[in-house]
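Student: Build the 3D model from these lines:
(chains A and B)
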Amino acid sequence: MTAEAISEMISAQVGADAVTSSQLQVPQPVLHIAPASLPAVCTLLRDDPALYFDYLECLSGVDEGPEANSIGVVYHIRSITRGHRLVLKCFVQRDAHPTLPSIAHIWRTADWHEREAFDLLGITFTGHPDMRRILMPEDWVGHPLRKDYVNPEFYHDFKTAY
Amino acid sequence: MHEVLHPNATRTELDYAELLRRSAPGKTRLQDLASEEMVLNMGPQHPSTHGVLRLELVTDGEIVLEVIPHLGYLHRCFEKHAESLPYPQTIPYTDRLDYLASMNNNLAFVMGVEQMMGLTGQLPKRVEYIRVLVAELNRIASHLVAIGTFGLDVGAITPFLWCFRDREHILKMLEWASGARMLYNYIWIGGLFFDIPVGFEDRCAEFVHYFKPKLAELNGLLTGNRIFVDRTANVGVLPLDVAINYGCSGPVLRGSGLKMDLRRLDGYSVYPEIDFEVCYGRGEMGKVGDCWDRYKVRVDEIAQSLKIIEQCLEKLVKAHPRGDNFDPRGMCPPKARPKAGEYYSRAENPKGELGFYFIADGKSDIPLRCKCRAPSFSNLSVVPEISRGVLIADLIAILGSIDFVLGEVDR
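Tutor: Numbering: from 1, shown residues only, chains lettered A, B, ... in the order given. The predicted structure is shown next:
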C-alpha cells in the first residue's frame, strides 16, 4: 500500500487533522503526525488488516536545533507480512521539557528506545511504564544529543575534558 | 514456634518423636513455610552476561520472578561522536559497536552513506564481492563465539576451545587483509581500504576445506548432545508474536520460526547473485523459539556462510580477478558530503538488523543526526519478558542464546 493511500486512510479513520503534512517524493515516504493523535494512528497502523505494521524498526529522537525550534521523534515501521514500510514523524516545539505520547504499549520495541530518547535528548513520553535514563548515569546533568548541549566541566569531582 | 520439651525426657527420644510428629502428613502446611523474595545482582562482572551487563533479579529460591536489566556500563557516546565527525571518520567507531563482527558494522554504515550519495550499484563488482566475502567470514567468527560461549554457559567446555581455535584462523586472515585483528576499518565509503592480499583467495579456500569437517565435528559434539539438549530445549521459549513486537531480529527472530533475512529481503550488495538458504527455527528438539532453536539457526548459518564464501571466491578468481587497473579506492569520494535528506539503512548483521538513520543537511560533512539501531539492544529487551518464572540456571541459558554484545547495546 502506498503512503498516500495510508495517509488518506488515517485521515478517514482517526481524523482529518491527524496527518499534518507529508513528504512522498523521497526514497522513504514520511507522514508527519500530530502529537495528540499519535497513539490512535499507531494503533490503527498496527491493527488494521490491510496495513498490519507489526514491526517497529527504529525510533530516533531528533533535535533540529534552536533555529528550527523543533524536537521530536522519527518512527520507522514496517509490515513483515505485507512488506510495506513507512516513516512517521512527530515533532513539537523545542523547550526544556518537550513531551510526546508514548507508544510503548503498541510496539514494545519503543519501551527502551523511548527511554534512550529521553536519556539523550530529554523528550518525556507520557504513559511510558518506566521513564528513566538508560545509557547515561542516573545523576548526569543534561541531555547530550541536544544541539545546545554543553559538556559539564566536572562529574563527581573528576574533570570530564581529557 | 517449637513446643517446649518435657524436662525429664531424654533428647534423642523426644527429638525422634518430634520428628515423627512433624513428618506426619498434613501437619506442615505450605503457607506456614517461610518464603521470601530476594534481590540478587547478576553482573556487571559475571561471565555469563558476556560483557558488562547488570541484571537485577528478584528471586524466590531458585525461581526468577523479575529481571531488570541495567545498561550503560559501556556507553561511549557513539551517536555523539558520529554527529561531531565527518562520515569517513565515524567508520572506526562502528568497528566498536559489535566488536565481534566489525566488517558487518562497517558494511552497514558505509551502505547507508553510499545510498545517500547515490553510489549504490555503481561500485566495481570486485569491491562488492570482497565486501561480502569478508562480511561472511566475520559472520562465521561471530557465530563461533556465540556457539562456543553458549556451550560454556551451560557447562560444555570443549566446544568453546574448538570454536575459538577455528575463529583464530578467520581473525588471522582478516588481519592479513586489513592490518587489525578485530577492529578493521576495512570497508570504506565507495570502496575498500586495500585489495585483498595476493594469495588470500587460496588461503580462504584452504580454510573452507579445513573448516567443513570441523563444523561436522562440532555438530556431533554439541548439537545433538543429550545434556546440551536437556539444558536448552523448551527453555526460554520466545513466541513469534512477542519477538516481532519487541523488535527482535537476526537469529533470535528466525529462531522463533520466521523465515526472514535482510540479505534476501533487501538484496543489498551482491547477495541477489548468490545462492544461499535462510535458516529458521523448526522446533526440532522442543517448542519453536526455544534456546536450542536459536542455537541451531546460528550453526546452520555458518554452513550457509561457507557456501556464500565459496561462491565469492569463485567469482573473485574467475569473473573479477585482480588486475593492474583495479583500484579499491577508485570510487571513494574525496569528500563525503551527501545531499540534504535522510535515509534509514539496514543490514543483516550476525546479531540481527543493524540500522543507521542519517539526516544530512547538505551543507556540511557531518550528519545532523546519526542514530544507530543496534540489534542486540532490541534483542536484549525481550529477556525480562521470557525470563519470568524460570530457574536462575535457565536464565543463563537464555542470555547465552540471545547472544548480545554489550558494545552495541550501550553504544
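Student: for residue 82, what are its contacts?
Tutor: As the question left the chain open, I've gone with chain A. Residues near A:R82 by CB atoms under 8 Å, 6 or more residues apart in numbering or on different chains: A:M1, A:A50, A:L51, A:Y52. (C-beta placed from N, C-alpha, C; glycine too.)
Student: please go with chain B instead
Tutor: So B:A82 contacts B:T90, B:Y93, B:P367, B:C370, B:C372 (CB under 8 Å, 6+ apart).
Student: Just the ones of those residues in strands?
Tutor: B:C370, B:C372 (DSSP state E).
Student: Excluding chain neighbours, give the residue nearest to the residue in chain A positioned nearest to chain B in space.
Tutor: Closest residue of chain A to chain B, CB to the nearest CB: A:T109 (3.1 Å). Nearest residue to A:T109, sequence neighbours excluded (CB to CB, 6 or more residues apart in numbering or on different chains): B:G247, at 3.1 Å.
Student: Nearest residue to A:L145 in space, please, no chain neighbours.
Tutor: Nearest to A:L145 is A:L120, by CB to CB, 6+ apart, at 4.2 Å.
Student: a helix runs through that neighbour, doesn't it?
Tutor: Yes - read with DSSP: H, G, I helix; E, B strand; the rest coil, A:L120 is one of the residues of a helix.
Student: Skip the chain neighbours and tell me the closest residue to B:P69.
Tutor: Closest to B:P69 by CB to CB, 6+ apart is B:L55, at 5.5 Å.
Student: Would you tell me what the next helix or strand after the helix or strand hosting that neighbour is?
Tutor: Assessed by DSSP states H and E, B:L55 sits inside strand B:54-60. Downstream of strand B:54-60, the next assigned helix or strand under DSSP H and E is strand B:63-70.
Student: coming back round to it: now for the contacts of A:R82, which sits with the most neighbours around it?
Tutor: Counting neighbours by other CB atoms under 10 Å in any protein chain shown, A:L51 leads those with 20 neighbours.
Student: how about low-confidence regions in chain B?
Tutor: Where chain B drops to pLDDT under 70, the residues are B:1-14, B:19-35.
Student: Where does it get nearest to chain A, residue-wise?
Tutor: B:G247 (3.1 Å).
Student: how about the helices of chain A, start to end?
Tutor: A:3-13, A:38-47, A:65-68, A:109-121 (DSSP state H).
Student: Kindly compare burial across those and name the winner.
Tutor: Greatest average neighbour count among the helices of chain A goes to helix A:109-121 (a mean of 24), per mean count of other CB atoms under 10 Å in any protein chain shown.
Student: now the angle between helix A:38-47 and it, please.
Tutor: For helix A:109-121 against helix A:38-47, the angle by axes from the mean of the first three to the mean of the last three CA atoms, to 10 degrees is 140 degrees.
Student: Can you tell me which helices and strands helix A:109-121 packs against?
Tutor: Judged by 3 or more CB pairs under 8 Å, 6 or more residues apart in numbering or on different chains; DSSP states H and E, the packing partners of helix A:109-121 are strand A:55-63, strand A:70-78, strand A:124-126, helix B:375-381.
Student: Just say which of those is most tucked in.
Tutor: helix B:375-381 (a mean of 27).
Student: Any stretches of chain A with poor pLDDT?
Tutor: For chain A (pLDDT under 70), the answer is A:162.
Student: Can you name the residues of it that neighbour chain B?
Tutor: A:26-28, A:54-58, A:60-64, A:74, A:76, A:80, A:87, A:107-109, A:111-113, A:120, A:133-137, A:144-145 (CB under 8 Å from any CB of the partner chain).
Student: ok, now which ones touch the residue nearest to A:L145?
Tutor: A:G61, A:L135, A:M136, A:H143, A:P144, A:L145, B:E79.
Student: Make sure the fourth one is actually in contact with A:E116.
Tutor: No - if you go by CB atoms under 8 Å, A:H143 and A:E116 don't touch, sitting 10.9 Å apart.
Student: How about the secondary structure of B:L40?
Tutor: strand.
Student: OK, contacts around it?
Tutor: With CB under 8 Å, 6+ apart, B:L40 has these contacts: B:E56, B:L57, B:V58, B:T59, B:I392.
Student: With B:Y210 instead?
Tutor: B:H169.
Student: before we move on, what SS does it have?
Tutor: helix.
Student: who does B:E348 bridge with?
Tutor: Assessed by DSSP bridges, B:E348 has beta-bridge partners B:E353.
Student: out of everything not next to it in sequence, what's closest to A:E114?
Tutor: A:F125 (4.6 Å).
Student: right, and B:D300 touches B:R282 too?
Tutor: No - applying CB under 8 Å, one finds B:D300 not in contact with B:R282, separated by 10.1 Å.
Student: Which one's more surrounded, the two?
Tutor: Ranked by neighbour count (other CB under 10 Å), B:D300 and B:R282 place B:D300 first, with 20 against 12.
Student: Okay, and the more buried one sits in which element?
Tutor: Counting by DSSP H and E, B:D300 is part of helix B:291-314.
Student: buried stuff in that helix?
Tutor: Using 16 or more other CB atoms under 10 Å in any protein chain shown as the test for burial, helix B:291-314 gives B:291-313.
Student: Tell me which other helices or strands it touches.
Tutor: helix B:125-153, helix B:200-218, helix B:226-232, helix B:251-255, helix B:392-402.
Student: After the last one, which helix or strand is next?
Tutor: Going down the chain from helix B:392-402, the next helix or strand is helix B:406-410, by DSSP H and E.
Student: got it, and the fourth one?
Tutor: Elements were assigned by DSSP H and E; along the chain past helix B:251-255, the next helix or strand is helix B:262-265.
Student: what does chain B have sitting close to chain A?
Tutor: B:71-72, B:75, B:77, B:79-80, B:83, B:115, B:244-247, B:258, B:260, B:341-344, B:346, B:353, B:355, B:357, B:359, B:368-369, B:371, B:373, B:377-378, B:381-382, B:385, B:410-411.
Student: which residues does residue 70 contact?
Tutor: Let's take chain A. Counted by CB under 8 Å, 6+ apart, A:S70 has contacts A:E64, A:F91, A:V92, A:Q93, A:R94.
Student: my bad, chain B
Tutor: B:L53, B:R54, B:L55, B:E56.
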